[in-house]
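S.K.: whatever this is, show me its structure:
(2 chains)
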There are 2 protein chains.
Amino acid sequence: MSSPSALPPLSSTDRTRLVRHSERAETDRAALHAVIDEALVGHLALVVDGVPRILPFVPWRVGEEVFIHGHLKNSLMVAAAEGAQACMTITLLDGLVMARSAFHHSANFRSAVIYGTPRLVSDADEKAALLHQMMIKVTPDRVSAIRPANSRELNATAVLGLSLAEASLKVRTGGPIDAEADYGLPVWAGVVPLTLTAGIPVTDTNTAPPGPSGY
Amino acid sequence: MSSPSALPPLSSTDRTRLVRHSERAETDRAALHAVIDEALVGHLALVVDGVPRILPFVPWRVGEEVFIHGHLKNSLMVAAAEGAQACMTITLLDGLVMARSAFHHSANFRSAVIYGTPRLVSDADEKAALLHQMMIKVTPDRVSAIRPANSRELNATAVLGLSLAEASLKVRTGGPIDAEADYGLPVWAGVVPLTLTAGIPVTDTNTAPPGPSGY
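M.R.: As a prediction, this is how the structure comes out:
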């Protein structure tokens, strides 16, 4: 859908091949990167006690790997550390597609589905560098001013990496596609664009309690 | 966190009990309803060929059940029809919480996690009524003007219901909570509110191709 990048395209496997609306498969790897880079929420699932469990995380990307972080004892971090297979889905909702019939209503979206066996990042330096990359994604202008994590904080934080080797990206854009007989119906049709919008920042007014010296 | 409603509160099970930040557990069932009613995207996971698979859906609620729909042959619809256990997670991101240290950055969010064995709605009348409820959620002002689904369209559509009997809701609100020693750092701290915002609707300019009679 976008111009092909110089990166090798996404190639599908049995579980990432789009069965329906295969024309919505986006194989440009740069488009997958863009979705991960834009998203502030992604969902990871692993099987815990025989049942799938999904939790939300902040995803970020370095090269061909997507990362999430959480508490060392987070149930999905623990399950992933045991070598279980995982699925991560990152969905960006771009609009509501309003058609002339109920059935042809749809959504414009970009949805990445990534399969693999996550790796728990165990090297302390690598973990610190990766978490720094996350901060650059979320708050690039403040990252040099905040206090970096200390070793106790780093030790309490688990970082998982998931290769982008097995991934699909499904993209819908554009207006409604109605049945021919419905185009004349007297009802508005079109797209309501949706964007995640930042509001006016609310400054934290908390101040530190005075120390023994009174400041 | 909100005022308790007259509904019975959410009660936790081993898999819905919040282990970390248990103070963020919201047990008011009305708050869970509000999250489902607001969300335009939810993620459902089932185990397919031994591996979790997550896909996004539009969730809607009728009473104490959350519904999604999809193509009859959607892999998760098929897996659910076979009686597999599922997890649905619905996440609303309300803000980025900017702290004075990297570690204490957080997000304001409402995240519902629902476990259960979905039921495939097989009764045609119930399915039609449920899909009508979805349209009322998504586009209440247009629902009476659009063409309702015909039987062929209804037959191609699967609707899954998932009981809200086993569900948790985790909610974070408010500003950053920093380590005491960090409050004096010369860096802005606060919350950047985030909302999914509707833009200016884009009217579909497609018109039906003329029929044999030229109109």
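S.K.: what's the longest strand in chain A?
M.R.: With secondary structure taken from DSSP state E, chain A has its longest strand at strand A:86-98.
S.K.: other SSEs contacting that strand?
M.R.: The contact analysis (3 or more Cβ pairs under 8 Å, 6 or more residues apart in numbering or on different chains; DSSP states H and E) places strand A:86-98 against helix A:29-38, strand A:42-48, strand A:65-71, strand A:106-116, strand A:190-198, strand B:42-48, strand B:51-57. All C-beta spots, glycine's among them, are computed from the backbone N, C-alpha and C.
S.K.: nearest to B:Ala99, of the ones you listed?
M.R.: Smallest distance to B:Ala99 across these (Cβ to Cβ): 14.9 Å, for strand A:65-71.
S.K.: in its sheet, what does that closest one sit against?
M.R.: Applying DSSP bridges, strand A:65-71 is found paired with strand A:60-62 (antiparallel), strand A:157-163 (antiparallel).
S.K.: the inter-axis angle of that strand versus strand A:42-48?
M.R.: Orientation check (axes from the mean of the first three to the mean of the last three Cα atoms, to 10 degrees): strand A:65-71 against strand A:42-48 gives 70 degrees.
S.K.: show the subsequent helix or strand relative to strand A:65-71.
M.R.: Scanning the chain past strand A:65-71 towards its C-terminal end, the next helix or strand to appear is helix A:75-81 (assignment: DSSP states H and E).
S.K.: could you give the mean pLDDT of that next one?
M.R.: Looking at helix A:75-81 alone, the average pLDDT works out to 88.
S.K.: does that helix come close to chain B?
M.R.: Yes - among the residues of helix A:75-81, A:Ser75 lie within reach of chain B under Cβ under 8 Å from any Cβ of the partner chain.
S.K.: tell me which residues in that helix are buried?
M.R.: Buried residues in helix A:75-81, counting neighbours by 16 or more other Cβ atoms under 10 Å in any protein chain shown, are found at A:Ser75, A:Leu76, A:Met77, A:Val78, A:Ala79, A:Ala80.
S.K.: circling back: I'd like the strands paired with strand A:65-71 as CSV, with mean pLDDT and mean neighbour count appended.
M.R.: CSV is the format used below for the strands paired with strand A:65-71 (pLDDT from 0 to 100; neighbours: other Cβ atoms under 10 Å in any protein chain shown):
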stretch, mean pLDDT, mean neighbour count
strand A:60-62, 98, 20
strand A:157-163, 96, 21
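S.K.: what's the closest of these to A:Ala145?
M.R.: When these are ranked by distance to A:Ala145, counting by Cβ to Cβ, first place goes to strand A:60-62 at 19.5 Å.
S.K.: got the contact list for that closest one?
M.R.: With Cβ atoms under 8 Å, 6 or more residues apart in numbering or on different chains as the contact definition, strand A:60-62 has outside contacts at A:His33, A:Ile36, A:Asp37, A:Val66, A:Phe67, A:Ile68, A:Leu130, A:Gln133, A:Met134, A:Lys137, A:Val138, A:Leu164.
S.K.: who does the helix or strand bottoming out on mean pLDDT in chain A touch, helix- and strand-wise?
M.R.: Taking mean pLDDT, DSSP states H and E as the measure, chain A has helix A:75-81 as its least confident helix or strand, at a mean of 88. Contacts of helix A:75-81 with other secondary structure elements, assessed using 3+ Cβ pairs under 8 Å, 6+ apart, are made with strand A:42-48, strand A:51-57, strand A:65-71, strand A:119-120, strand A:157-163.
S.K.: try 7 Å
M.R.: In terms of contacts (3 or more Cβ pairs under 7 Å, 6 or more residues apart in numbering or on different chains; DSSP states H and E), helix A:75-81 is packed against strand A:42-48, strand A:51-57, strand A:157-163.
S.K.: rewinding a little: and the helices and strands packed on strand A:86-98: which comes nearest A:Ser11?
M.R.: With respect to A:Ser11, and counting by Cβ to Cβ, the nearest of the helices and strands packed on strand A:86-98 is helix A:29-38 at 9.9 Å.
S.K.: the longest helix in chain A is where?
M.R.: Ranked by number of residues, the top helix in chain A under DSSP state H is helix A:124-138.
S.K.: mind listing what's buried in it?
M.R.: Counting neighbours by 16+ other Cβ under 10 Å, helix A:124-138 gives A:Lys127, A:Ala128, A:Leu130, A:Leu131, A:Met134, A:Met135, A:Lys137, A:Val138 as buried.
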